[in-house]
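In: Fold the following, please.
(one chain, ligands or ions: 3)
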Amino acid sequence: GGPAGLSCAYFLRMNGHAVTIFDAMPELGGMLMYGIPEYRLPKEVLKKEIDMILSMGVEVKTNTKIGCDIALEDIKKEYDAVIVAIGAWKSTKMNIPGEDFEGVYGGIDFLRNVAMSGVLHDSREKIVSTLGVGKRVAVVGGGNTAMDACRTAVRIGADEVYTLYRRTREEMPADPVEVEEAMEEGVVFKFLSNPLEIIGEDGKVKRIKVQKMKLGEPDASGRRSPVPIEGAFEELEVDAVIIAIGQSIDIEGFESLQTTRKRTIIADENTFMTSMEGVFACGDVTNAGPDIAIAAIGEAQKAAFSVHKYLGGEIDHIYGNIKEYDFYSKRELTPEDVREIFKDREIEYRPDIDIVEADIRRKNFKEFVPIYTEEEAQKEAMRCLECGCMDYFECKLIDYANKYGVAPERFEGDVHNRRKPSTHPHIVRDPDKCILCGLCVRLCEEVRGITALGLVGRGFDTIVEPEMRKVLEETECDSCGLCVSACPTGALVERQSLIKAVPLNERYIISTCGLCSKACGIKAAVYGNRVVRVLPALDTRNADVLCRKGRFMYIDVLSSNRLKSAYINDTECDVDKACGYIIEEIRKNTGKKVVFVSAGYTNELVDKVLVFADAIGAEVVSGALGQKQSEDNTAFFGVNEFGLRMKGIKAFEDAASLKEEIEKGDVSVLVSFGDPLDGISLDNVEFKAFMSLYMPKHEGVNAVLPDSSYFEINGTFTRKSEDGTVEDRKANACIRPIGGVDSSEILDILCGKVCG
Ligand code: SF4
Ligand code: SF4
Ligand code: SF4
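Out: Ligands and ions are numbered 1, 2, ... in the order given. Prediction:
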């Protein structure tokens, strides 16, 4: 149940497998819970993350140690696959005299004791006596565990804390910031000091004797070796010694698995399967041994994938081969390369963070690096260079490379550097990713009859360029996006509408474009509650190409200016209150009433509008009905032109005297459902209410309700094709309504109130 085990559970649940976690400790989290001090990772934050994983339906058996409470073989009999992710919980000993005295602790044992002692909120005096580490503490080691131990010793009340390290500060493996902060908190670093003996009295630690060292020749790791200085010793009076020089594996209970000489479990590098079929291992317990938590999490993702394959019958023998988890190719870049690639960007430095003063933070376990405010977090995220390939989730080249196990090293050679900033509003070109398949050029010419793109040059220097080497937006290109859809790589991609362009793992919803009466089939690419692209549905419903409007106008339809609330006389209120107000005002008014309904409404919404209009005794018209939008006169502006006509709704332009009546003030109540009513003066209308995507432009509107676009509702549009065939096309809600309540529900509320 540590970082590796929990991550395996997460990824296996994502693939639909039932998962049980066995953990020896009372709480899940492993080293993150018991090894990382509270001031670096608050338990509350960790618990929230664990709860998120458990809420996916993971069974948990804590206080269950394999080999003591249950045998590995028994678990294996009961489950189809087992992952061993027990971590490395044993502190490495120094093997010097005196390590058995009371007051000598292993680094991770000490940190675990602190985490489990409940001392985090106690007084410092109580902490010192509870944990019995005394006032003077020596920590041996130069890694991050040693830093955690010495800084924890400071926080639990030790007056003098020494860190003993046999090399110098430059060779310390600990994160430099940890060393810096430990020094600020008062930890005394004794470099070139190697413990020789722990000296005790009455069974308790009294002193530690250290050999003074100097640096000699570099060893195998490249670091200069410490060499004893003859006759140079030092003795420090201490109450406790914490030995934090490394971690090892407690292999008890797993003896049936093959291990390395370091007693870590051998796991296949590709499949993560151990020497026992069906038993996998990942994280600190395997092969090279302990590493940082994120390395264990990364391995866990791959191990879970391997187990998923195993359970699907794709690995059926010990050390069976599966293909590499993911193909990737990388370019080794020097800092100069990076500067050249991003030379058009301004350098933005990470904002300085004011951390809590050392004198204050050393007295408690509170997190001392403040979390970003929303604004700071956004600013920090804006520093992203957007270097990822936008086509990551769709690139055919990656698919094939994965499928056929392509090794990128085999194809090394010259590379182009021909990318230029793209200025086209919707299409981003990166010629360096082009494989010269020619699809974009042929589709533009043969399907669209436009020759906006062409292949220019010869051999290795061939490049796809806009016609006459113009910029794309100055060619005949009408932004249909067909070339982008066809491009198998990231050479032609759609410009993202997000503030930062990042590759998104989208889900797709088939629906109908609501922007004209052609009612083309669309495939909305959705991420979270955002439509991030609109593609042709590629089904039997005519649309293998969308027009620019259908393809890119979703950005305006779903813009941040959309109404997210209801209003009464410019004051924000909830939808129910605004509906109540509308009905009350209409009831009071005995004058002529008119209801407008949008030709972009579904049949189901129109039916509800008709019920409402009937109940208040209003005439119903539609502003956009009959308005042609395409140059070839084959399409009407309203997607449901024919649906409205079949329901007998009149076009506003055919209701001869109505405009005049409205402008003269002969109409007392006007309610518009989705019609903006541009070009009419409503100044003399006594009461006017709108259901609208945006705030209406008219002055003095009494009530406004938020409307839903064709991306936010379910329903049907009636379409008439050129041969006269009439058919219904389905709109499927792709995202939750931006206004919180969809227009169908709002109409139900209005109808309920007026009829009730
Ligand atoms: S967007 Fe359409 S018109 Fe423009 S280059 Fe691509 S295929 Fe041609
Ligand atoms: S479709 Fe993409 S990869 Fe193929 S030629 Fe065009 S830009 Fe290059
Ligand atoms: S606006 Fe009309 S033609 Fe364009 S994609 Fe939408 S339905 Fe098709």
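In: can we go C-alpha only for contacts and neighbour counts from here?
Out: OK.
In: mind checking how far Leu196 is from Gly106?
Out: 16 Å (C-alpha to C-alpha, to the nearest Å).
In: higher neighbour count, these two?
Out: Per other C-alpha atoms under 10 Å, whichever of Leu196 and Gly106 has more neighbours is Gly106, with 24 against 19.
In: give me the beta-bridge partners of the more buried one?
Out: Beta-bridge pairing for Gly106 (DSSP bridges): Ile243.
In: Now do the buried residues in stretch 92-106.
Out: Residues Thr92, Lys93, Met94, Gly98, Glu99, Phe101, Glu102, Gly103, Val104, Tyr105, Gly106 are the ones in stretch 92-106 that count as buried (16 or more other C-alpha atoms under 10 Å).
In: Generate TSV for the residues you listed, with pLDDT as supplementary columns.
Out: Formatted as TSV, those follow (pLDDT from 0 to 100):
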residue	pLDDT
Thr92	93
Lys93	93
Met94	94
Gly98	96
Glu99	95
Phe101	94
Glu102	91
Gly103	91
Val104	94
Tyr105	93
Gly106	95
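In: okay if I get these as a markdown table plus distance to ligand 3?
Out: A markdown table is the format used below for the buried residues of stretch 92-106 (distance: C-alpha to the nearest ligand atom, whole Å):
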| residue | distance to ligand 3 |
| --- | --- |
| Thr92 | 67 |
| Lys93 | 71 |
| Met94 | 73 |
| Gly98 | 81 |
| Glu99 | 77 |
| Phe101 | 80 |
| Glu102 | 78 |
| Gly103 | 76 |
| Val104 | 74 |
| Tyr105 | 70 |
| Gly106 | 68 |
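In: Of those residues, just say which sits nearest to ligand 1.
Out: Relative to ligand 1, the closest of those is Thr92; by C-alpha to the nearest ligand atom it sits at 63.1 Å.
In: That closest one and Tyr694: what is the separation?
Out: For Thr92, the distance to Tyr694 equals 66 Å [C-alpha to C-alpha].
In: quick one on the thing from earlier: now for the buried residues of stretch 92-106: which two are most distant?
Out: Greatest spatial distance among these (C-alpha to C-alpha): Thr92 and Glu102, at 17.1 Å.
In: So what touches stretch 19-33?
Out: Among residues not part of stretch 19-33, those counted as contacts by C-alpha atoms under 8 Å, 6 or more residues apart in numbering are 1-3, 5-6, 9, 12-13, 41, 43, 46-47, 50, 57-66, 87, 115, 293.
In: Which members of those occur in strands, if any?
Out: Within the contacts of stretch 19-33, residues falling in strands by DSSP state E are Val58, Glu59, Val60, Lys61.
In: Not including adjacent chain positions, what is the nearest residue to the second one?
Out: For Glu59, ignoring the flanking residues on the chain, the nearest one in space by C-alpha to C-alpha, 6 or more residues apart in numbering is Thr20 at 4.5 Å.
In: helix or strand right after the helix or strand hosting that neighbour?
Out: Per DSSP states H and E, Thr20 falls inside strand 19-22. Sequence order places helix 31-34 as the next helix or strand after strand 19-22, per DSSP H and E.
In: how far does that following helix sit from the chain's center?
Out: Between the centre of helix 31-34 and the centre of its host chain there is 24 Å, according to C-alpha atoms, centre = their mean, to the nearest Å.
In: For it, what does the pLDDT average out to?
Out: In this model, helix 31-34 has an average pLDDT of 95.
In: Number the chain from 785, please
Out: Right, with 785 as the first residue, what we last looked at is helix 815-818.
In: Show me what the host helix or strand of Phe1089 packs onto, helices and strands only.
Out: Assigned by DSSP H and E, Phe1089 belongs to helix 1077-1095. Counting contacts by 3 or more C-alpha pairs under 8 Å, 6 or more residues apart in numbering; DSSP states H and E, helix 1077-1095 packs against helix 787-798, strand 1063-1065.
In: please redo it, this time with the cut-off set to 6 Å
Out: Applying 3 or more C-alpha pairs under 6 Å, 6 or more residues apart in numbering; DSSP states H and E, one finds that helix 1077-1095 contacts helix 787-798.
In: Can you list the buried residues in the helix it packs on?
Out: Pro787, Ala788, Gly789, Leu790, Ser791, Cys792, Ala793, Tyr794, Phe795, Leu796, Arg797.
In: What distance do you get for the third one to ligand 1?
Out: The one in question is Gly789. The gap separating Gly789 from ligand 1 is 47 Å, by C-alpha to the nearest ligand atom, to the nearest Å.
In: List the residues that contact that residue.
Out: Listed by C-alpha atoms under 6 Å, 6 or more residues apart in numbering, the contact set of Gly789 reads Ala869.
In: tell me the pLDDT at it?
Out: Confidence at Gly789, expressed as pLDDT, is 97.
In: What about the buried residues of stretch 876-890, which are in strands?
Out: Val888, Tyr889, Gly890.
In: Name the nearest residue to Val1153, ignoring sequence neighbours.
Out: Excluding its sequence neighbours, the residue lying closest to Val1153 (C-alpha to C-alpha, 6+ apart) is Ile1139, at 4.9 Å.
In: The one you found touches Tyr1156, doesn't it?
Out: No - contact between Ile1139 and Tyr1156 fails when scored by C-alpha atoms under 6 Å: they sit 11.6 Å apart.
In: Alpha carbons only: can I get the helix or strand encompassing Thr936 in PDB?
Out: Taking DSSP H and E as the definition, Thr936 sits inside helix 928-939. What follows is helix 928-939, C-alpha atoms only, in PDB (Å, rounded to 0.1, in the frame of the first residue of the first chain):
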ATOM      1  CA  ASN A 928      17.700  12.700   1.800                       C
ATOM      2  CA  THR A 929      16.800  10.200   4.600                       C
ATOM      3  CA  ALA A 930      19.600  11.700   6.700                       C
ATOM      4  CA  MET A 931      18.200  15.200   6.000                       C
ATOM      5  CA  ASP A 932      14.700  14.100   7.000                       C
ATOM      6  CA  ALA A 933      16.100  12.600  10.200                       C
ATOM      7  CA  CYS A 934      18.200  15.500  11.300                       C
ATOM      8  CA  ARG A 935      15.400  18.100  10.500                       C
ATOM      9  CA  THR A 936      12.900  15.900  12.300                       C
ATOM     10  CA  ALA A 937      15.200  15.600  15.300                       C
ATOM     11  CA  VAL A 938      15.300  19.400  15.400                       C
ATOM     12  CA  ARG A 939      11.500  19.600  15.300                       C
END
